[in-house]
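**Q** quick one, what's the 3D model for this:
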Amino acid sequence: MPGHDVDLNLLRVFAAVYESRSLTIAARRLYVTQPAVSQALARLRRELDDPIFERDGRLMRPTPFADAVYPGFREALAGIDRTLDSVHRFDPADSQRLFRIALSELGEIGWFPSILAAVRAEASKVRLEVVPLDPAQLPDWLARGTVDLAITPAAIPFERVLVKAQPYAVAMSERNRLAGEELDLPTYVSARHVTVESDSGRPVLEAAQRRAGVDVRPSVAVSHFATLPPVLAADPQLIASVPDMIAKGWAQTWPLRVLPLPFEMPAVELYLYRRATTQHTAALDWLFATVARAVRGSSGQFFVIHADAPGGT
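**A** Predicted coordinates for the structure are as follows:
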């Protein structure tokens with residue numbers, strides 16, 4: 001890299017294009033025109049003596065050089081922004097910013113009410129949008145800044161904190177013949193199982209089942225957790241292996257019984273992730289801390305999944 005200084009604004013353009021892979025999105029994020037972004041990239045190419053980005057259809061693909069220098073540029077920009085934020089402090093009470101949080105179905109039901117209450121307590125004008133969690137898309141979303149935060153058990157290379165450790169249990173109808181017994185492994189294996197296709201903790205559950213020599217072939221598979229309580233209440237033959245906090249919440253409003261798993265399974269760890277993009281660092285710091293505190297302090301609102309059914313309200 002040349003020895004002379006590089007304009008800080010050019011580095012901001014570089015970071016915005018790198019993170020969004022789009023001149024249009026970068027221009028929108030920086031509140032400038034697309035031609036201004038193109039001109040800044042042309043200057044930066046001359047400064048760094050590298051193409052930096054190459055067009056691939058509608059995307060701007062970074063060169064190996066761009067991949068190599070981005071982490072250092074991002075860290076430097078974040079440090080500068082935090083310093084500026086300490087002078088022009090982010091005030092949640094005055095902010096009208098829109099934040100996007102990626103949550104699973106259960107996350108939206110169980111954790112979002114607590115998140116909303118915690119945010120509203122300090123920032124009544126802030127807007128929140130829940131984005132349905134897509135594990136395959138999440139790394140790209142966090143890299144581009146499509147979402148600000150996400151809660152998931154997935155292990156991905158972004159800044160994160162542990163917010164919950166969720167054990168699993170077995171839920172069934174109170175009318176199930178197994179409801180009054182201590183559930184042993186052979187009985188568990190021979191029971192009729194219902195599973196949830198969208199359960200992000202399934203890999204941990206299935207790994208524990210394999211270690212215990214359990215081969216579960218479900219009789220019923222549903223798409224959403226919200227379907228389980230009425231299905232279990234209606235069919236006393238079925239059992240479901242689900243997070244225990246959720247099952248206990250359902251049991252408050254449904255005629256269900258919750259029993260321990262008959263084998264060892266580590267708790268599913270839920271992590272709060274934050275986006276990697278460099279814009280609005282102080283606002284993101286505040287949101288990250290606020291959401292982490294809210295989820296850690298919440299027991300979940302899973303009891304709200306109820307309906308007019310025997311034992312339901």
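
**Q** mind jotting down where the strands sit in the stretch 101-250 of the chain?
**A** Per DSSP state E, counting those that start in this stretch, the stretch 101-250 of the chain carries strands over the ranges 127-132, 149-152, 160-166, 168-173, 192-196, 220-222, 238-243.

**Q** each with direction, which strands does the fourth one pair with?
**A** I take that to be strand 168-173. Applying DSSP bridges, strand 168-173 is found paired with strand 238-243 (antiparallel), strand 256-260 (antiparallel).

**Q** same question for the second one.
**A** Its sheet considered, strand 149-152 pairs with strand 98-103 (parallel), strand 268-274 (antiparallel) by DSSP bridges.

**Q** export the ones you listed to CSV and tack on distance to residue 42?
**A** Every C-beta, even on glycine, is put in place using the N, C-alpha and C of the backbone. Converted to CSV, the strands paired with strand 149-152 look like this (distance: least, Cβ to Cβ, whole Å):
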stretch, distance to residue 42
strand 98-103, 32
strand 268-274, 32
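
**Q** residue 120 is nearest to which of the ones you listed?
**A** strand 98-103 (12.3 Å; Cβ to Cβ).

**Q** if we go by neighbour counts, what in the closest one is buried?
**A** 99-103 (16 or more other Cβ atoms under 10 Å).

**Q** on that earlier part again, okay if I get the strands of the stretch 101-250 of the chain as JSON lines plus distance to residue 254, mean pLDDT and mean neighbour count?
**A** Below are the strands of the stretch 101-250 of the chain laid out as JSON lines (distance: least, Cβ to Cβ, whole Å; pLDDT from 0 to 100; neighbours: other Cβ atoms under 10 Å):
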{"stretch": "strand 127-132", "distance to residue 254": "25", "mean pLDDT": "93", "mean neighbour count": "14"}
{"stretch": "strand 149-152", "distance to residue 254": "25", "mean pLDDT": "95", "mean neighbour count": "24"}
{"stretch": "strand 160-166", "distance to residue 254": "20", "mean pLDDT": "92", "mean neighbour count": "16"}
{"stretch": "strand 168-173", "distance to residue 254": "9", "mean pLDDT": "96", "mean neighbour count": "24"}
{"stretch": "strand 192-196", "distance to residue 254": "14", "mean pLDDT": "95", "mean neighbour count": "19"}
{"stretch": "strand 220-222", "distance to residue 254": "15", "mean pLDDT": "94", "mean neighbour count": "14"}
{"stretch": "strand 238-243", "distance to residue 254": "12", "mean pLDDT": "95", "mean neighbour count": "25"}
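
**Q** using JSON lines, lay out the ones you listed together with distance to residue 93.
**A** Putting the strands of the stretch 101-250 of the chain into JSON lines (distance: least, Cβ to Cβ, whole Å) gives the following:
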{"stretch": "strand 127-132", "distance to residue 93": "14"}
{"stretch": "strand 149-152", "distance to residue 93": "20"}
{"stretch": "strand 160-166", "distance to residue 93": "24"}
{"stretch": "strand 168-173", "distance to residue 93": "40"}
{"stretch": "strand 192-196", "distance to residue 93": "40"}
{"stretch": "strand 220-222", "distance to residue 93": "43"}
{"stretch": "strand 238-243", "distance to residue 93": "35"}
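
**Q** out of the ones you listed, flag the one nearest residue 293.
**A** strand 160-166 (9.1 Å).
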